[in-house]
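K.L.:
can't give you the sequence, but here's the structure:
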């Protein structure tokens, strides 16, 4: 690698950190063994795909049509499946740094939705028959719930599965255009089976949505089964490696045994037995996926921030703050760049630790459910919904801001940032639209407060609502007390408390119908839900630090504490914070929770934390352990050699190569440019 | 058109408005004649391009490789140029609704930058020689300022133009990789001439950046001129119809007459005469473009909102607020959807009227400059910088939220929204990175306050800083007083006043070097700049209504007044408002400017305004007069027939057509899917 100003700046920045990056990497991913296994699996797949050599322009930037991108997804998906089957691991199932991910491949639904749908809803017999086939890739499945006209509202689904007692079969049918199954990954061309949600009609009775196992394509030649029309929905803002598709069914027949009957059963004679818990249990697959999304999205945001951090360290522009020297400064020096980047890095750590705490709750639920205790379901449902909505929203905004922090060059596809930002912003919608989820969290909080007022027990997550302290009493902290985790936590807890109580009072006091009252005060309820989740995240960060292994170095503890303080304090005074007013508004109309003096103090502490953490920025992003191939970015490579990396990739673009082979003239010249230059002038 | 639920809903919504849409259209675009001419020119170009028939899938969704998109840009650019030359108009130069726009074509720089660069910097002789060629398309120009390593900091540019007195020529050269010219539209393959910014080196002296007219390609065959290497930068987040490119120069010679010498001159003997105003005057092209960007970006945001509004009217989901009826409701009914959409529609009107007020200022400057009076330059420079930063940022965020408001379907390319959002977000960076611009606005405000304190005159835009009223005295309005434009304006003015004074005090009181003091308090300074611009926009909205023609109907006046109130009030309490805390923070630490009671009152007034304006939503978006072809959206067509429009386009996708021709099997099946299904199982 050539020594130049950029690589020198990168080496300096990397040397400036005080912590052992590998120690932090092991903390993030679990332990040293996992870190090493992950590295090895990424390396194998990157070598198989030819992306390991980062001097080569990645194919996603050179072959860019809809068809090309899909083919790359097929290749990448197969390589990941092969590696997981051969080496018996799951590193590509959930945590999916951009490339080499099952998530954005045509086979994404396989392990993430199809197999869980079977596991959670199939009878023992059904599972014994189908799961081995699914797991070994002898069939490839997708999960088909959403329709052209129906997304988050499952009860509105129109596809029907009508029981025909004569033949002992179901007839699956799409009665309208809007009932066309729409969006499932792989549905277009590359899956053989679908777990299809359809309304069960038996004996003329509509029994509501159930899941049916429908063979979509021939296992021999891939041809669609009779009566099924399938195709691709075309290019999207992200995930173009997958063939998110549509399917319409024209009187498709399947045996009765292919309704998943763990919870409800339809007997040979048409008798229907409805499981009273069915509605609750059908959440479980959704919960599984939603529960995993916060960590996936946090890690993808970390990728965007890794690229932006590396670029900010080596990019020089303007004379900067200390202009006496008359040399251009690194753009990280500019306070707005510094503030945005470091506060997002801090938020990434907060959300990651929050996601892990959310995972723990989910695992506890599954554990209890296996003993037939479903009591945790409402609280875990609300928590995963809120975490999913919070993290996907923050991750999308953060990745977009990371892109902007790279200026014009972040606008190029080869920066890797448009694709990351485009993928992340999809998360606001799929697996539950975020605003719908916020309402679900809100309803849960309202009910909890009802319980509290009725003297009934409430769940531990909302115990703070029962605290005797009046959350409207102004914060009395001053000076460096604001660095105290308990002070920070109190600020967030009181804010959530105030907002939940305020929303509850407004809605319960309304004379309107319950649904209308809720709608009238929905903005307030959403703010309350968000504050509740932000409090959970800060608490998780504090708990994580408190329970670090004894072997953790004091240097790392210091940096994590500062990172936590930066998250907690910068969120209060960040000009772009959502619901910022609620940090100061109290029920006592003219007495703010935090005074201007306190806010200015917090601003000044944030400035100090920014200065303390600046030297750690490379370590805090290197620690995520992303390979150059998985970042897929000319701006974000480990070496920092940004200008040479950009030009090396651009020179390999086929549009340039082709033009240069023809003396520098691109093929459009003759048809479109030449006639302009040589036109007769009509008027001027 | 088939009658169905969606088209029926659209007709109902369109019929619910109280205003004459055409009256508003004429107000927006100028007058009836302009509206009709615009419509005719769009129709001609759409027919030429084959996009007029909206049942046909637009090519941008079917031919999607880098090469395809560029070719579509060539075709579209030529069609626009042809139409403008033949019909002698400029409708495709500046206001550029997505398709049929010069802005995003390979020829975009021609009229927008290249010709103005010549007009503003060329001598009379140079203009007489080159401008007719440029205007008639006999040469195609671009403006090449930015380099791989140099964006906003013009002084850092590395390209050199060294005067060789022996031959009376300049030698243009790229001394480093980072000096490669980078980003100009059309530079890749399709322009013949560049206005190239390079450091003038004469007699061994570096005289700083000047503009040189460099022929890039042969007019005969399009071959690059000797010593010039050019190419494309590849796919970007938007504007892929243009070949934003790079160029490096290897000792390229041009005659001395090709330095643009209106302001500085280099004589035959190498004597250099520097115009003392050069630095100021070189702003002028930048000012022109920046000055136009706010209206362009506002109109593009209006496109996104038109799509989202139409979709929100016809999309039904869930049981909604009044769930008694057990039918699904239109998603516009949900308060969060309603709030986000209507408040953005209101903001679009505010920004459009603000942009026009900004245009007026620019025109006044040009008028005075033509009389050699440059006194308005600093204030117009600050205003255009601030308006550009504000509007591009709000437009990008707004378009992205409009996309989210369309749920999953907004994620599909054929919704038109990913492309609009991708184009708008580029505006945060090009023509001046927004955070750099905010600092420029901030510096101007600081200087004005210095002047005020020194008893020197200040410019009218900041006259409020001289007002005797203490902006820290809490707002005393109550009830419907908040609907009074003067009350609204006072809230915004006091807020800007407080922030400017606070930033000024902090920076001027600092003991650090001036540049370091500025950097330390930069977040505060940026907030002050933003508040200053938000005040300007609200004032412009109020002024626009006050000066409506007498013939304006009272119905339209009422709707515009409500729209203005919604903008003013929703911005205060919107959870996503930037710098929201500054609406309540005052210098009197514990006395907020607005109390919780007042804020709740504002929330309640906003709810009423939302209800009043809901029936006008279609009229307020129809009024922009966008053709279906220019929206290019399966979700946003005028008829509202969304599900049929989606499926009609998707069925035409080549990837589907090809697969269906082969029995429904896509070509990747055999190579990638079949081997997975038939693999030997190694382990499980």
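P.N.:
Sure thing, it's come through. Treat the numbers as computed from the prediction; the structure is a model and nothing was measured.

K.L.:
anything in the helix ranked longest in chain A near chain B?
P.N.:
When chain A is scanned for its longest helix (criterion: DSSP state H), the result is helix A:335-369. Yes: residues of helix A:335-369 are located near chain B by Cβ under 8 Å from any Cβ of the partner chain, namely A:335-337, A:339. C-beta here means a position set from N, CA and C on the backbone, and glycine is covered the same way.

K.L.:
tell me the buried residues in that helix?
P.N.:
A:335-359, A:361-362, A:365, A:369 (16 or more other Cβ atoms under 10 Å in any protein chain shown).

K.L.:
again with stretch A:509-516
P.N.:
Those would be residue A:516, for stretch A:509-516 by 16+ other Cβ under 10 Å.

K.L.:
tell me the SS of residue A:472?
P.N.:
Judged by DSSP: H, G, I helix; E, B strand; the rest coil, the three-state class of residue A:472 is coil.

K.L.:
residue contacts, it?
P.N.:
With Cβ atoms under 8 Å, 6 or more residues apart in numbering or on different chains as the criterion, the residues that contact residue A:472 are A:494, A:498, A:586-588, A:593.

K.L.:
so where is the stretch 51-200 of chain A shaky, pLDDT-wise?
P.N.:
The stretch 51-200 of chain A contains residues with pLDDT under 70 at A:95-103.

K.L.:
ok, which stretches of it are strands?
P.N.:
Here the stretch 51-200 of chain A has its strands, by DSSP state E, counting those that start in this stretch, at A:141-144, A:160-164, A:169-173, A:181-182, A:193-202.

K.L.:
just name the most buried of those.
P.N.:
Greatest average neighbour count among the strands of the stretch 51-200 of chain A goes to strand A:141-144 (a mean of 30), per mean count of other Cβ atoms under 10 Å in any protein chain shown.

K.L.:
that one near chain B at all?
P.N.:
No: using Cβ under 8 Å from any Cβ, we find that strand A:141-144 stays clear of chain B, coming within 11.8 Å at best.

K.L.:
which outside residues touch that strand?
P.N.:
In contact with strand A:141-144 (Cβ under 8 Å, 6+ apart) are residues A:109-110, A:113-115, A:117-118, A:134, A:181, A:184-187, A:191-197, A:214, A:216, A:247, A:285.

K.L.:
check whether the residue nearest the centre of chain A sits in a helix, strand or coil.
P.N.:
Centroid-nearest residue in chain A: residue A:297, 3.1 Å away (criterion: Cα atoms, centre = their mean). At residue A:297 the chain is in helix, as set by three-state DSSP.

K.L.:
residue A:418 versus the spatially closest residue to it that is not a sequence neighbour, what's the distance?
P.N.:
Spatially, and ignoring its direct neighbours in sequence, residue A:297 is nearest to residue A:395 (4.2 Å; Cβ to Cβ, 6 or more residues apart in numbering or on different chains). To residue A:418, residue A:395 is 15 Å away according to Cβ to Cβ, to the nearest Å.

K.L.:
the more surrounded of those two?
P.N.:
The neighbour comparison of residue A:395 against residue A:418 (other Cβ atoms under 10 Å in any protein chain shown) goes to residue A:395, with 31 against 24.

K.L.:
for the more buried one, what is the enclosing helix or strand?
P.N.:
Using DSSP states H and E, residue A:395 sits within helix A:377-405.

K.L.:
give me the mean pLDDT for that helix.
P.N.:
Mean pLDDT, computed over helix A:377-405, is 96.

K.L.:
and that helix, what other elements does it pack with?
P.N.:
helix A:283-314, helix A:335-369, helix A:417-426, helix A:434-453, helix A:522-546, helix B:417-426 (3 or more Cβ pairs under 8 Å, 6 or more residues apart in numbering or on different chains; DSSP states H and E).

K.L.:
can you list the low-confidence ranges for the stretch 251-400 of chain A?
P.N.:
The stretch 251-400 of chain A contains residues with pLDDT under 70 at A:277-283, A:322-327.

K.L.:
OK, contacts around residue A:526?
P.N.:
A:435, A:438-439, A:442, B:336, B:575.

K.L.:
if we can go back for a sec, quick one: which of the contacts of residue A:472 is nearest to residue B:52?
P.N.:
residue A:498 (55.8 Å; Cβ to Cβ).
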